[in-house]
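> Sequence first, then the predicted structure:
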Amino acid sequence: SQKIEQNSEALNIQEGKTATLTCNYTNYSPAYLQWYRQDPGRGPVFLLLIRENEKEKRKERLKVTFDTTLKQSLFHITASQPADSATYLCALGASGNTPLVFGKGTRLSVIA
Amino acid sequence: DTEVTQTPKHLVMGMTNKKSLKCEQHMGHRAMYWYKQKAKKPPELMFVYSYEKLSINESVPSRFSPECPNSSLLNLHLHALQPEDSALYLCASSQGDGISNQPQHFGDGTRLSIL
């Protein structure tokens, strides 16, 4: 069956460092992958979308990579700030009539 | 503030009650979604509407009944719910037809508690 794993349930880093979150998948051939941020008591907020034929996408301090050979996406936040503390969800979508499937998320805490 | 508005923000109901959750968006999106999210879990898709027609039902029990009165509104009618149905119910919308690779815009959800 399809499986999406985000490397850890929680990740703590020091302010100013680069946070790297991992999304691995098995038994799946995604056409695209999305990353969302979710704060407690709020709905997810879309951050970045990357397609299977793209290696890397950037937006301000955010960078996403997508390696279909390794079946992995890496999500980086450079110069992290306490305001970046949140749960980050990866979501995979296949081509055709299939909806997004979300990973369990990684709770990031940036410590000042 | 999100561009997808959900009401009410909180709802407490008994197992015999009938209530409705409402969702509204004015971004011109033609795909709308209902998700259920339990604590520390990812959102789980329940229903997808594409151009006001139900396109995906993820084997959701019939005590949940979705309705899409027009392109901006999405309702979820609730009846005879069980305590395990207590969760955060999220509405989302996107461009395209609900099966395309478009970002989804989420509301902040309705926190539902079943007594």
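All right, it came through fine. Numbers count the residues shown, from 1 in each chain, chains lettered A, B, ... in the order given.

> element containing the residue nearest the centre of chain B?
The residue lying closest to the centre of chain B (Cα atoms, centre = their mean) is B:Trp34, at 2.9 Å. Using DSSP states H and E, B:Trp34 sits in strand B:31-37.

> Report the angle between the helix or strand that comes right after that strand and strand B:31-37.
Following strand B:31-37 in sequence order, the next helix or strand is strand B:44-50 (DSSP H and E). Relative orientation of strand B:44-50 and strand B:31-37, computed by axes from the mean of the first three to the mean of the last three Cα atoms, to 10 degrees: 170 degrees.

> For chain A, which residues are neighbours of chain B?
Chain A comes close to chain B at residues A:31-32, A:34, A:41-46, A:49, A:51, A:89, A:93, A:96-100, A:102-105, as judged by Cβ under 8 Å from any Cβ of the partner chain. All C-beta atoms are positioned from the backbone trio N, CA, C, and that covers glycine.

> okay, now A:Thr26: neighbour count?
10 (other Cβ atoms under 10 Å in any protein chain shown).

> cool, A:Thr69 as well?
For A:Thr69, using other Cβ under 10 Å, the count is 5.

> just B:Asp85 next, same as before
Neighbours of B:Asp85 under the rule other Cβ under 10 Å: 18.

> Could you check how far the nearest residue to it once chain neighbours are set aside is from chain A?
Nearest residue to B:Asp85, sequence neighbours excluded (Cβ to Cβ, 6 or more residues apart in numbering or on different chains): B:Ile114, at 5.4 Å. As judged by Cβ to the nearest Cβ, to the nearest Å, B:Ile114 and chain A stand 19 Å apart.

> got it, and B:Gln37?
Taking Cβ to the nearest Cβ, one finds B:Gln37 at 9 Å from chain A.
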